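A.B. asks: Mind folding the following:
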Amino acid sequence: CGMLDAVEDDPADERRRGAQRRHVPVNEERRSTSDLLAEDRGRLLASLRAASPEEIQELLQDDEVRARIEQGLADVKAARISRPSSVRTGMFCRFGLVALSRPVADWHLAGPRCAIAMARGRFAAAEGHLDDAVRLAAQGLDSRAWQIRAIAGAKLASMTGDPRHEHWFATLEQETDPSAAAAGRRAILAEHYAGRGELERAWALYRQLPPWQTWQPPHFVAHAVLDMRARAAALLGDADGAAIAYTRLRPWARYFVVGGTGAVAILGSAEQTLGCLAACLGKSDTAIRHLRAAIAASQRAGLPPFELQSRYELAKVLARRDRLEDRPEALVLATDAARGAARLGMRGLQADSEQLATIMQHGDSEPGGLTRREREIAELVGRGLTNRQIADLLHIAERTAENHVQHILTKLGFHNRSQIAAWAARTTPAGTG
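C.D. replies: Got it, this is the predicted structure:
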């Protein structure tokens, strides 16, 4: 809406403003989009800006005025202007004329509605809004539409673990735009693959990002992109990057992370990411403080998916700290996270939390506190097998193999597969493996 104030009127228009309030003349000949914007917008916007709500309603009764507005929209769509949030959008938002540009308005609404529904844990509704956004994006309303929808789709996939949405990650990988947006896509993908235990793939993307010290993402997505890269750093065990990320994100601790114009994605409380970074740096007490704050913030805001994620992360930190007095709380947190995730349909979080709860309940009998299955998988990691190869060899789902690897990392206090391999080499008896 602020675009309206950025339009400079011709001084002569100011003198004619009173006469124009009641009627805006329309030339009979059809003008091009550029002509409409260059020649007519001053007069039309000046009259609307100066008019009262009652005068606006009266003005909109004029069929010629409505026809010209609608024709301007048709010309803009035909030209497929890549920035729909220009003068016309500001004008329509300010004066309640959004109905005249229904596809554009719907496209802008679908993204935030999808993000909010995901943050509330209403994933079926989020999927419906995403479908609406995809349908509208196919009309060519905005050159950024597919990329923005892919980011939302990837977030839905990561939160639900639903394989139907996995294709959005492939869409992000296929993007070839060399602009600053490329770093954001790589950060999303690096976090995704690191969370799934595909660390080599995650590292390959992570190393393509600009150096932490000099990286300055665009302001309107800075918090979100920094947050995603920070989570990848914590998952990959990049202590140097985690330290820089913690310093840069610390001033935003009390905020929620929302990315992009139009709230393309909501990523939860910044306290959760800070907690994960502190855990990566070995600062358990600091991590626990941040994660407790993240749980409280998500409760206040009514964002159950992020509350459950923070509960699971806190359970991991307490389990890793390995104090006797921490175990009951860690078990309760993991159990609550598993039940809540099952209720909302967050498959990955449910599996991770259930396995951690099982570990806390039943204890272990193998070196390092691993179950026999985890010990077997640790040895396979030591032999250089990927999660997919481990799954094929043991006749289990790839996601199950990923969960095992993640819990091995948690229980041993490690951050990457190479540490598991080194540990397995030290603890495997000679002549085995």
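
A.B. asks: Need the contact partners of the helix or strand that contains A183.
C.D. replies: Secondary structure assignment for A183, by DSSP states H and E: helix 181-195. Applying C-beta atoms under 8 Å, 6 or more residues apart in numbering, the contact partners of helix 181-195 are 147, 151, 154, 158, 169, 172-173, 175, 199, 201-203, 205-206, 208-210, 215, 217, 221, 224-225, 228-229, 231-232, 235-236, 348. For every residue, glycine as well, the C-beta is placed using N, CA and C.

A.B. asks: Next, the buried residues of it.
C.D. replies: Neighbour counts over helix 181-195 (16 or more other C-beta atoms under 10 Å) mark 181, 183-195 as buried.

A.B. asks: Now do the helix or strand just after it: which elements does it pack against?
C.D. replies: Next along the chain after helix 181-195, taking DSSP H and E as the criterion, comes helix 199-206. Applying 3 or more C-beta pairs under 8 Å, 6 or more residues apart in numbering; DSSP states H and E, we find helix 199-206 packed against helix 181-195, helix 222-236.

A.B. asks: and the helix or strand harbouring G275, what does it pack onto?
C.D. replies: Using DSSP H and E, G275 maps to helix 270-280. Using 3+ C-beta pairs under 8 Å, 6+ apart, the elements in contact with helix 270-280 are helix 222-236, helix 239-249, strand 256-259, helix 284-301, helix 304-321.

A.B. asks: okay, those in JSON lines with mean neighbour count and mean pLDDT next?
C.D. replies: Listed next are these as JSON lines, based on neighbours: other C-beta atoms under 10 Å; pLDDT from 0 to 100:
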{"stretch": "helix 222-236", "mean neighbour count": "25", "mean pLDDT": "89"}
{"stretch": "helix 239-249", "mean neighbour count": "18", "mean pLDDT": "93"}
{"stretch": "strand 256-259", "mean neighbour count": "22", "mean pLDDT": "87"}
{"stretch": "helix 284-301", "mean neighbour count": "19", "mean pLDDT": "96"}
{"stretch": "helix 304-321", "mean neighbour count": "24", "mean pLDDT": "92"}
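
A.B. asks: Dump these to CSV, plus distance to P163.
C.D. replies: As requested, these are exported to CSV (distance: least, C-beta to C-beta, whole Å):
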stretch, distance to P163
helix 222-236, 21
helix 239-249, 30
strand 256-259, 24
helix 284-301, 26
helix 304-321, 18
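
A.B. asks: R164 is nearest to which of these?
C.D. replies: Closest approach to R164 among the helices and strands packed on helix 270-280 is made by helix 304-321 (18.0 Å; C-beta to C-beta).

A.B. asks: Where does pLDDT dip in the stretch 101-250 of the chain?
C.D. replies: Flagging of the stretch 101-250 of the chain using pLDDT under 70 yields the residue ranges 101-102, 140-145, 175-181.

A.B. asks: Swap in 90 and give it another go.
C.D. replies: Low-confidence segments of the stretch 101-250 of the chain (pLDDT under 90): 101-115, 129-204, 208, 210, 212-225, 235-239.

A.B. asks: thinking again about what came up before, and which of the buried residues of helix 181-195 is nearest E402?
C.D. replies: Ranked by distance to E402 (C-beta to C-beta), those are led by G195 at 8.5 Å.

A.B. asks: Quick check: that closest one vs V134, distance?
C.D. replies: To V134, G195 is 24 Å away according to C-beta to C-beta, to the nearest Å.

A.B. asks: From E200, how far out is I359?
C.D. replies: I359 sits 26 Å away from E200, going by C-beta to C-beta.

A.B. asks: no wait, S158
C.D. replies: Remark: distance between S158 and E200 (C-beta to C-beta) = 19 Å.

A.B. asks: Counting neighbours, go ahead and name the busier of these two.
C.D. replies: Comparing S158 with E200 by other C-beta atoms under 10 Å, the one with more neighbours is S158, at 22 against 11.

A.B. asks: Surely that one is in a strand?
C.D. replies: No. Under DSSP: H, G, I helix; E, B strand; the rest coil, S158 sits outside any strand and is assigned helix.

A.B. asks: can you give me the angle the helix or strand that contains A119 makes with helix 304-321?
C.D. replies: Assigning secondary structure by DSSP H and E places A119 in helix 102-120. Interaxial angle of helix 102-120 relative to helix 304-321 (axes from the mean of the first three to the mean of the last three C-alpha atoms, to 10 degrees): 40 degrees.

A.B. asks: Which helix or strand lies directly C-terminal to helix 102-120?
C.D. replies: Of the helices and strands lying after helix 102-120 in sequence (DSSP H and E), the nearest is helix 123-137.

A.B. asks: Which elements pack onto that following helix?
C.D. replies: helix 102-120, helix 145-160.

A.B. asks: Could I get the CA-only coordinates of the shortest one as PDB?
C.D. replies: It refers to helix 145-160. This file holds the C-alpha atoms of helix 145-160, laid out as PDB (Å, rounded to 0.1, in the frame of the first residue of the first chain):
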ATOM      1  CA  ALA A 145       5.800 -18.000  -8.100                       C
ATOM      2  CA  TRP A 146       7.200 -21.500  -8.600                       C
ATOM      3  CA  GLN A 147      10.200 -20.900  -6.400                       C
ATOM      4  CA  ILE A 148       8.200 -19.500  -3.600                       C
ATOM      5  CA  ARG A 149       5.700 -22.400  -3.800                       C
ATOM      6  CA  ALA A 150       8.600 -24.900  -3.800                       C
ATOM      7  CA  ILE A 151       9.900 -23.400  -0.600                       C
ATOM      8  CA  ALA A 152       6.500 -23.800   1.000                       C
ATOM      9  CA  GLY A 153       6.100 -27.300  -0.400                       C
ATOM     10  CA  ALA A 154       9.500 -28.300   1.000                       C
ATOM     11  CA  LYS A 155       8.600 -27.000   4.400                       C
ATOM     12  CA  LEU A 156       5.400 -29.000   4.300                       C
ATOM     13  CA  ALA A 157       7.400 -32.100   3.400                       C
ATOM     14  CA  SER A 158       9.900 -31.600   6.200                       C
ATOM     15  CA  MET A 159       7.200 -31.100   8.800                       C
ATOM     16  CA  THR A 160       5.000 -34.000   7.800                       C
END
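
A.B. asks: and the angle from that helix to helix 181-195?
C.D. replies: Angle, helix 145-160 to helix 181-195, by the same axes, to 10 degrees: 20 degrees.

A.B. asks: what does the first one give?
C.D. replies: Inter-element angle recorded for helix 102-120 and helix 181-195: 30 degrees (by the same axes, to 10 degrees).

A.B. asks: which helices and strands sit right next to helix 102-120?
C.D. replies: Applying 3+ C-beta pairs under 8 Å, 6+ apart, one finds that helix 102-120 makes contact with helix 123-137, helix 145-160, strand 265-269, helix 304-321.
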